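got a predicted structure plus its sequence, pasted below:
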Amino acid sequence: MNFLDMLRDASTRNDSMLCVGLDPEPSRFPGAMKGDASKIYDFCAAIVDATHDLVNSFKPQIAYFAAHRAEDQLEKLMEHMRRVAPHVPVILDAKRGDIGSTAEQYAKEAFERYGADAVTLSPFMGFDSITPYLKYEGKGAFLLCRTSNPGGDDLQAQHLADVPGNPAMFEHVAKLAQGPWNTNGQLGLVVGATRPNEIERVRAVAPTMPLLIPGVGAQGGDAVATVKAARIGGGPIIINSSRAILYAGQGDDFAKAAREAAIATRATLQAAARS
């Protein structure tokens, strides 16, 4: 199956919009693992084992592995997820943004080395920074559109005088992604949960695109408002929670605590979808 088929299947099979972000910080590991970067795989694999029937995707953040020279542990983790949850798509959170042969190497890294089903990208350098990823048939690419950090206003909220209607930059990115850039139906958008009114504006431009929505959980995004805004148009929804699930417990039962946090988050999202 291609990425979108996998996403729809996992969303239905697990009755879930929840994505668990895998952002391993050894300083926050529980018990005897604390501070030990050699345990990154063990920690993340335990989280995967505890939550794979509750999610529609996993999202490992590559910097948390690379910073600790743990790329080999990420490769091992990707293989583990394929064995344990072959129906759950994996989004490599890399936020790459380059062109030409460099972008080709980044695409090879994401899809060939790590075997990801999708990747996050920065579209700032334009369409030619995205095309190398679209050459991988069936893979997904999520473009940063309206992020949840305060500094996102510096560029994303600025209005474009030379574009008809003077849209904000994030609206223009959404329109390009929904239209001429989405040559094979592989694109999605990253929009932050901390601005549900702007999720609505993205949906007005890109009603059918998959949305990857971080910011629910530790960042304080309103889950109910987020789901209501993201449901407009009927496009697939991926709502990410990382720290609130990963570090829900600090004892030997950390995986159980993570599962309980994931169950509670999924239930909140389900209730929001029904309201």
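Arrived safely, thanks for sending.

identify the residues contacting whatever helix or strand residue 63 lives in?
Secondary structure assigned from DSSP states H and E places residue 63 in helix 62-66. For helix 62-66, the surrounding residues in contact (CB atoms under 8 Å, 6 or more residues apart in numbering) are 22-25, 40, 71, 73-74, 92-94. Yep, even glycine has a C-beta here, placed from its N, CA and C like the rest.

also stretch 36-49?
Contacts of stretch 36-49 from elsewhere in the structure, counted by CB under 8 Å, 6+ apart, are 20, 22, 24, 26, 29, 33, 58, 60, 64-65, 68-70, 73, 76-77, 80-81, 84-85, 245-246, 254-255, 258.

6 Å instead?
The list of residues contacting stretch 36-49 from outside it, by CB atoms under 6 Å, 6 or more residues apart in numbering, reads 22, 24, 26, 29, 33, 68, 70, 73, 76-77, 80-81, 255, 258.

in strands only, show me those.
residue 22 (DSSP state E).

follow-up on the earlier one: between the contacts of helix 62-66, which sits nearest residue 201?
Nearest to residue 201 among the contacts of helix 62-66 is residue 93, at 23.6 Å by CB to CB.

of the contacts of stretch 36-49, buried ones?
Buried members of those, counted by 16 or more other CB atoms under 10 Å: 22, 24, 26, 29, 33, 68, 70, 73, 76-77, 81, 255, 258.

which one of the contacts of stretch 36-49 sits closest to residue 137?
For these, the nearest to residue 137 is residue 81 (21.0 Å; CB to CB).

residue contacts, that closest one?
So residue 81 contacts 48, 90 (CB under 6 Å, 6+ apart).

quick one: pLDDT of it?
At residue 81, the pLDDT value in this model is 98.

okay, it and residue 203: tell me how far apart.
With the distance defined as CB to CB, to the nearest Å, residue 81 ends up 30 Å from residue 203.

distance to residue 241 added to the contacts of stretch 36-49, as TSV?
Output for the contacts of stretch 36-49, formatted as TSV (distance: CB to CB, whole Å):
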residue	distance to residue 241
22	11
24	15
26	20
29	18
33	21
68	22
70	22
73	22
76	24
77	18
80	20
81	17
255	16
258	10
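
among the contacts of stretch 36-49, which lie within helices?
The helices, defined by DSSP state H, take in 73, 76-77, 80-81, 255, 258 from the contacts of stretch 36-49.

now the phi/psi pair for the nearest residue in space to residue 222 that is not next to it in sequence, please.
Distance criterion CB to CB, 6 or more residues apart in numbering; nearest residue to residue 222, sequence neighbours excluded, is residue 196 at 6.3 Å. Dihedral angles of residue 196 (phi, psi; degrees, to the nearest 10) stand at phi -60, psi -30.

who touches residue 154 in this structure?
Residue 154 makes contact with no residue under the criterion CB under 6 Å, 6+ apart.

now residue 155
By CB under 6 Å, 6+ apart, the contact set of residue 155 is residue 169.

against residue 168, how distant is it?
With CB to CB as the criterion, residue 155 and residue 168 are 10 Å apart.

what do you get for residue 118?
Counting by CB to CB, the gap from residue 118 to residue 168 is 25 Å.

which one of these two is surrounded by more residues?
Between residue 118 and residue 168, residue 118 has the larger neighbour count (other CB atoms under 10 Å), namely 32 against 20.
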